[in-house]
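J.: Sequence and computational prediction follow.
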Amino acid sequence: MEHQKYIKLIAKIAILLLAASFLLLPGIIREENTLIGDKPYHHLSLADKELNFSSIKNELSFGWSFILRYISVKTALFVLGLASALLLFLNLEMMKLNQRLLAAGLFVLSPAFIYMFNVGDKVGIAFAVSLIISYLIIKERYKTSIPLFILLPFLDVLISIFVLIAAGLYFIYLKTSKSLFYYVLLLFILGISLFGEWNFEFISDLGAFIGISVFALVFALFCFILLWREFLPLYGILLIMILLSLKFEFGIFYLSAFISILLSLCISKVYDRKWESELIRNLTILFIFCGLLFSGISYANRLSQEMPNESLFKALEILPEGSVVFSDIGYGNWIKYSGKESVWDTSGFLDKAKERELNSIIDSKDAFITRQILSKYKVDYVLIDSNLMEKWNERGIFYLLDYDYKGFRQIYDQDGVIIWRHFK
């Protein structure tokens, strides 16, 4: 018994060390001393404000922003990443120790884990809390889980709805008839199909910023061909999780965790099968691990090269506080974080009419229409960098910025970032 405790302790330490390695890897590779992506800058912008009704009326899930007022993003993500890896291991106590260790390890190697705890979005903390809720429910500590159910909507509304439905399905399956369970499950699948927009870009190796490993998905399909009789219910859950991921971005993180569990069971079964050659068996397992490891490292490297660059914030520093800056929608949160105002960003709902109007600025060569829209939104400056020059190549806005001397004047051009003053 004492020996078993030491083995479990060593397993937990191994998981934490592996998780720490992949939590630190993108930051070590990254050349820029900036946070990755635009989402953490949205939360940091909110964290800098007084969290009163006026500042959070369009931001129900303000819990992550509130936490970032008291702890740095990188520290919070590192702690949450370690906790999530360990919590997944603890949630799988019904499995064998080697399967639990393998499942947690595969999840740490996944692009979804690397994204969650290297990009400072709210989904990381919501995911970690959902794992705590899951653990408490498995341990039948229902009253203890109630405060966390109440807390979860303030971290992420969609994840809180998903966790509530998943917990409801769990109780229905255990406490009531199976026919009721399948009826409610069918309603859940129907609800997923009706709400949200389809997004088929969820494979990280094929370019998705948030996705799962194509190698993991292919191996899961291979295992289905080999072991479908044993794991048919699990593959039913896999299909539902894939459907959820095609509709809701957060579903990718739960899909990745579930695939890691499924793969650990599959690898264990494949390893225990009778092979004509142990060498072929061992090489097959090694090939699987190398493929998953390469996928994780490759994604960490790609993530480390994401925007923003320090040169962008250096350019924004020269502009007066409160200035309205027009740029790409993906630059909006960086503009707001720098103390300026943006006309659009990726952090909230954007009216379709406004989106069409702002997109027309990029395409149009009509100086009157462009300046009219810019004046409507009180734009003081237009910012473009080398990435946008490539993205917007030969579109209307470059023509106007270069030749409409009455409307625009270049005031900054350094390190690939150019700013024009707009005369309203």
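T.: Good, I have the coordinates.

J.: For whatever helix or strand Leu244 lives in, buried residues please.
T.: When elements are defined using DSSP states H and E, Leu244 is found to belong to helix 214-247. Across helix 214-247, burial judged by 16 or more other C-beta atoms under 10 Å covers 214-217, 219-220, 223-224, 227, 231, 234-235, 238, 240-247. Glycine gets a C-beta too; all of them are placed from N, C-alpha and C.

J.: Would you confirm that Phe127 contacts Phe253?
T.: Yes. Counting by C-beta atoms under 8 Å, Phe127 sits close enough to Phe253 to count as a contact (5.5 Å).

J.: So for those two, which residues contact both of them?
T.: Counting by C-beta atoms under 8 Å, 6 or more residues apart in numbering, the shared contacts of Phe127 and Phe253 are Met116.

J.: what packs against the helix holding Leu244?
T.: The contact analysis (3 or more C-beta pairs under 8 Å, 6 or more residues apart in numbering; DSSP states H and E) places helix 214-247 against helix 178-194, helix 251-272, helix 278-304.

J.: With only the CA atoms kept, save the first one in PDB.
T.: Extracted as PDB, the C-alpha positions of helix 178-194 are listed here (Å, rounded to 0.1, in the frame of the first residue of the first chain):
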ATOM      1  CA  LYS A 178     -31.700   5.100 -19.600                       C
ATOM      2  CA  SER A 179     -34.500   6.100 -22.000                       C
ATOM      3  CA  LEU A 180     -34.700   9.500 -20.300                       C
ATOM      4  CA  PHE A 181     -30.900   9.900 -20.600                       C
ATOM      5  CA  TYR A 182     -31.000   9.200 -24.300                       C
ATOM      6  CA  TYR A 183     -33.900  11.600 -24.800                       C
ATOM      7  CA  VAL A 184     -32.100  14.500 -23.000                       C
ATOM      8  CA  LEU A 185     -28.900  13.600 -24.900                       C
ATOM      9  CA  LEU A 186     -30.800  13.900 -28.200                       C
ATOM     10  CA  LEU A 187     -32.100  17.300 -27.200                       C
ATOM     11  CA  PHE A 188     -28.600  18.400 -26.300                       C
ATOM     12  CA  ILE A 189     -27.300  17.200 -29.700                       C
ATOM     13  CA  LEU A 190     -30.200  19.000 -31.400                       C
ATOM     14  CA  GLY A 191     -29.400  22.200 -29.400                       C
ATOM     15  CA  ILE A 192     -25.700  22.100 -30.500                       C
ATOM     16  CA  SER A 193     -26.800  21.700 -34.100                       C
ATOM     17  CA  LEU A 194     -29.200  24.700 -34.000                       C
END
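
J.: Now tell me what touches it from outside.
T.: Helix 178-194 is contacted by residues Ile165, Gly168, Leu169, Ile172, Tyr173, Ile240, Leu243, Leu244, Lys247, Phe248 when judged by C-beta under 8 Å, 6+ apart.

J.: Wasn't the fifth one part of a strand?
T.: No. Remark: Tyr173 does not belong to a strand; assigned using DSSP: H, G, I helix; E, B strand; the rest coil, it is helix.

J.: got the phi/psi numbers for Val119?
T.: Note on Val119: its backbone torsions stand at phi -110, psi 120 [degrees, to the nearest 10].

J.: From Gly37, how far out is it?
T.: As defined by C-beta to C-beta, to the nearest Å, Val119 lies at a distance of 5 Å from Gly37.

J.: what residue ranges in the stretch 251-400 of the chain score low on pLDDT?
T.: Across the stretch 251-400 of the chain, residues meeting the criterion (pLDDT under 70) sit at 394.

J.: could you redo the last one with a cut-off of 80?
T.: Applying pLDDT under 80 to the stretch 251-400 of the chain picks out residues 273-277, 348-350, 393-396.

J.: For Ile161, see how far away Gly168 is.
T.: Going from Gly168 to Ile161 by C-beta to C-beta gives 11 Å.
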